[in-house]
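> Predicted coordinates and the sequence they were generated for:
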Amino acid sequence: MKYFKVSFFIIMTLCLLCSVTFAARIEISSPGEQTIPLAMTRLLPMGVGGVQSAIETEFQQVLLGDLELSGLFDMTDPASFLSDADKLGLRRTEIDFYQWRMLGAEALIKGGYSVASGKLTIELRLFDVITQRLLTGRRYVGKLTDVRKIAHTFADQILKSLTGEKGPFSTKIAYISKRTGRKELYMMDVDGYKPIRMTDHRSIVLNPDFSPTRKELIFTSYKKGNPDLYRKEIYTGRESRLSLKQGLNIGGRYSPDGREIALTLSKDKNSEIYLLGTDGTIHRRLTNHYAIDVDPSWNPKGNKIAFVSDRRGNPNIFIVDVHTLKVTRLTYEGKYNATPAWSPKGDRIAYSRMDNGVFNVFTIREDGTDERQLTFGKGSKEHPRWSPDGRFLIYSNDLNGGEKSIWIMRADGTGAKKISAAGGNDSHPAWSDRW
Amino acid sequence: MQKLTITGLVIFFALSLLVSGCAKKPAGDTSEVKETTQVEMQQEQPAEIMDDKVEDKPFDAAAAARAAERAAAKGLERIHFDFDQYILTDAAKSILVSNAGLLRAAAAVKVLIEGHCDERGSDEYNLALGEKRALATKNYLVSLGVAAERMNIISYGEEMPIDAARTKEAWAKNRRANFKVKR
């Protein structure tokens, strides 16, 4: 009995502590370490239009997928829900918070929808169960086909109100797929939904990157024989060649302000890193070494670029200062380190290391300390890229019998799951910014 | 004393052979040679008809050039590299010597040298590595007397394997430089 009392006391203080920090908008930088108990009720029909179970199911599935991927929540089992779950009341005063508190939920999502003359309206609320406050309330109006978009947008909003930083769920992933038999550029939602082919080059299309400011992609293609750098406007489909120097025009990466592009050119018979203007003119040559220099990746400040070089024998990651051109070495472990991706938060650089013919994803600090291996086991995991909020990494994995597909995981390596459909040999993912 | 007589005998015998040979040769040998040459002349008579054709010299040169071109197109062998290397192996060099011969014989032929890698390693790095392989191949052929203007290079990195299997043998096959005759 005494034991019970003590443990009860501890739990209560813990709950109190949780609720206090929770209310103070804790910054959850490494997901999975602390989770918020969250209850999400079914979307209920509001007035006109009646029950549309397809909408309910799809919304539930998409939002739940995003929230689970975030790793920030401990979802309360819907089977344990009490009577309040079936009440539409979206106002603070209409909700029986006591019921939710009994289930251990600290946050609650409630929502309703209506369909009228082809228009879909979804009303959503996120409540703090402990303080009985409304954290965020949104009304979305769209087409009947906008269910997923609304769910993703609200998921972003939930993360913003609980952590201070929006989620990346309504952004896009560009990637290369061999679905047609040749490598072409594709784009899909963050959960792998709605893949769209963007190019019809019938050649080899490689390594895309999103503009941080415009709805535009750059990539390399052999369409005209030489591996040239192309630019494509996403919505108009307009396309032009941006850099067509003899030799390689590969690995283009927009600077954080979108004004320059770092890439590899080999016009002088050796691969070097250059900066281009968005009109394709060369602004600056950053490296000058007879070794291979490829795969540039900007830091968020836009004053340093990580890249791969074999100037010390094996491929390793180096960092060049864009202004002083001073080169420092970042990785020393392993025999083959490639494809660096600098976190948009600036704190870590992700890359893939090959060991015994298999790549795994690692991260390291800019000063070369605190190297961490994020992926293990079978399957080569290559080309890691960060989500715009730095919470997630996306990469390709050839776990399924040699066929590559796109996977997503949290920045600490947990929650890894495949998002692209089978049969595409999908690689080279790139994550869009929040436009 | 005995030795002297033996050497004396040997010399005598040799001399007698020489004398007899000299005496016989003109009579017997010449007649035989005439006979054989006559027979050969008769057999070679079509060669005189060939002489008429040789007058069409330009036609023949073009044919020869085409033959050399065909030989080059057929005979230019691909070379292979070690993992993550663009240095030419001895085996690769000896193949390039024979390729250079074919290219020198077919002076009008232009070639595209393609550098390729196996699937291991990063795509971008392999594009740069493939280019280094193509360039090393070109430079060696230049050193063997093939004009640099006749050769262009391109890298396909790991994009165009000839064997998609994931075995050591397949990877070794895929790490290569091939030649494509233009036109």
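That came through fine. Numbers count the residues shown, from 1 in each chain, chains lettered A, B, ... in the order given.
> Let me see the ranges of the helices in the chain.
No chain in the question, so chain A it is. According to DSSP state H, chain A carries its helices in the segments A:2-23, A:53-70, A:97-102, A:147-163.
> Chain B, not that one
B:2-43, B:46-54, B:57-75, B:90-105, B:123-143, B:168-174.
> got any ranges where chain B has weak pLDDT?
Along chain B, the parts satisfying pLDDT under 70 run over B:1-59, B:183.
> Chain B contacts on the stretch 301-435 of chain A?
A:308, A:310, A:314-315, A:336, A:338-339, A:352, A:354, A:357, A:382-383, A:402, A:427-428 (Cβ under 8 Å from any Cβ of the partner chain). In short, each C-beta sits where N, CA and C put it, glycine included.
> nearest to chain B, of these?
Nearest to chain B, judged by Cβ to the nearest Cβ, of those is A:Ala338 at 3.5 Å.
> hang on, the closest one packs against A:Met354?
Yes. With contact defined as Cβ atoms under 8 Å, A:Ala338 reaches A:Met354; the gap is 7.4 Å.
> who touches both of these two?
Both A:Ala338 and A:Met354 are in contact with B:Gly121, where contact means Cβ atoms under 8 Å, 6 or more residues apart in numbering or on different chains.
> Same drill for these two, tell me which one is more crowded.
Higher neighbour count among A:Ala338 and A:Met354: A:Ala338, with 26 against 20, using other Cβ atoms under 10 Å in any protein chain shown.
> Name the nearest residue to that one, ignoring sequence neighbours.
Leaving aside its chain neighbours, A:Ala338 sits nearest to B:Ser122 (3.5 Å; criterion: Cβ to Cβ, 6 or more residues apart in numbering or on different chains).
> Can you get me a residue count around the one you found?
Counted with other Cβ under 10 Å, B:Ser122 comes out at 26.
> What of A:Lys224?
A:Lys224 has 12 nearby residues by other Cβ under 10 Å.
> Also A:Pro300?
Neighbour number of A:Pro300 under other Cβ under 10 Å is 14.
> Ok, B:Glu124 next?
28.
> Likewise for B:Glu131?
27.
> residues contacting it?
A:247-248, A:266, A:271, B:115, B:153-155.
> closest to A:Leu124 among those residues?
Relative to A:Leu124, the closest of the contacts of B:Glu131 is A:Leu248; by Cβ to Cβ it sits at 48.4 Å.
> Write down the beta-bridge partners of the closest residue to B:Ala172 other than its chain neighbours, one by one.
In space, and not counting its chain neighbours, B:Ala172 is closest to B:His80: 6.3 Å by Cβ to Cβ, 6+ apart. For B:His80, the beta-bridge partners under DSSP bridges are B:Arg176.
> The residue lying closest to A:Asn299 once chain neighbours are set aside and B:Gly121: what is the separation?
Nearest non-adjacent residue to A:Asn299, counting by Cβ to Cβ, 6+ apart: A:Trp342, 4.9 Å away. The gap separating A:Trp342 from B:Gly121 is 21 Å, by Cβ to Cβ, to the nearest Å.
> If you count surrounding residues, which of those two has more?
A:Trp342 (26 against 21).
> residues in contact with the nearest residue to A:Ala350 once chain neighbours are set aside?
In space, and not counting its chain neighbours, A:Ala350 is closest to A:Pro384: 4.2 Å by Cβ to Cβ, 6+ apart. Shown in contact with A:Pro384 (Cβ under 8 Å, 6+ apart): A:339, A:341, A:350-352, A:361, A:393-395.
> I'd like to know which residues of chain B are adjacent to chain A.
Close to chain A, as judged by Cβ under 8 Å from any Cβ, chain B has residues B:84, B:120-125, B:127-129, B:131-132, B:135, B:154-156, B:159, B:166.
> Which of those are buried? Put it as a PyMOL command.
To isolate the buried members of the residues of chain B next to chain A in PyMOL, using 16 or more other Cβ atoms under 10 Å in any protein chain shown:
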select buried, chain B and resi 84+120+121+122+123+124+125+127+128+129+131+132+135+154+155+156+159
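> Enumerate the residues of the stretch 51-200 of chain A near chain B.
A:Lys183.
> again, 10 Å this time
A:176, A:183 (Cβ under 10 Å from any Cβ of the partner chain).
> ok, the residue of the stretch 51-200 of chain A found nearest chain B - how many residues close by?
At 7.3 Å from chain B, A:Lys183 is the closest residue in the stretch 51-200 of chain A, using Cβ to the nearest Cβ. Residues lying near A:Lys183 (other Cβ under 10 Å) number 24.
> Tell me the spacing between it and A:Pro208.
In terms of Cβ to Cβ, A:Lys183 sits 11 Å off from A:Pro208.
> ok, now A:Gly181?
19 Å.
> neighbour-wise, which of the two wins?
Counting neighbours by other Cβ under 10 Å for A:Gly181 and for A:Pro208 shows that A:Pro208 has the greater number, 24 against 8.
> Would you mind giving me the confidence score for the more buried one?
pLDDT recorded at A:Pro208 is 98.
> Run through the residues that contact it.
By Cβ atoms under 10 Å, 6 or more residues apart in numbering or on different chains, the contact set of A:Pro208 is A:173-176, A:185-187, A:198-199, A:217-220, A:230, A:232, A:252, A:428-430.
> show me what contacts the residue nearest to A:Tyr351 when sequence neighbours are not counted?
Counting by Cβ to Cβ, 6+ apart, A:Pro340 is the residue found nearest to A:Tyr351 once chain neighbours are left out, at 4.5 Å. A:Pro340 makes contacts with A:295-297, A:305-308, A:316-319, A:330-331, A:349-352, A:364, A:384, as judged by Cβ under 10 Å, 6+ apart.
> change it to 8 Å
A:295, A:297, A:306-308, A:317, A:330, A:349-351.
> Can you add pLDDT and give those residues back as a markdown table?
As requested, the contacts of A:Pro340 are exported to a markdown table (pLDDT from 0 to 100):
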| residue | pLDDT |
| --- | --- |
| A:Asp295 | 97 |
| A:Ser297 | 98 |
| A:Ala306 | 98 |
| A:Phe307 | 98 |
| A:Val308 | 98 |
| A:Ile317 | 98 |
| A:Leu330 | 97 |
| A:Ile349 | 98 |
| A:Ala350 | 98 |
| A:Tyr351 | 98 |
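> Show me what the residue nearest to A:Asn299 is bridged to.
Going by DSSP bridges, A:Trp342 forms beta bridges with A:Ile349.
> So it versus chain B, what's the distance?
16 Å (Cβ to the nearest Cβ, to the nearest Å).
> from memory that residue sits against A:Ser297, does it?
Yes. With contact defined as Cβ under 8 Å, A:Trp342 counts as touching A:Ser297 (4.8 Å).
> any shared contact partners between the two?
Joint contacts of A:Trp342 and A:Ser297 (Cβ under 8 Å, 6+ apart) are A:306, A:349.
> before we move on, the earlier item: so what's the residue of the stretch 51-200 of chain A closest to chain B bridging to?
A:Ile204.
> List the residues that contact it.
Applying Cβ under 8 Å, 6+ apart, the residues contacting A:Lys183 are A:176-177, A:204-206, B:159.
> Excluding sequence neighbours, find me the nearest residue to the residue most central in space within chain A.
Most central in chain A under Cα atoms, centre = their mean is A:Ser387, positioned 3.0 Å from the mean C-alpha point. Counting by Cβ to Cβ, 6+ apart, A:Ser387 lies nearest to A:Pro168, which is 4.0 Å off, once chain neighbours are set aside.
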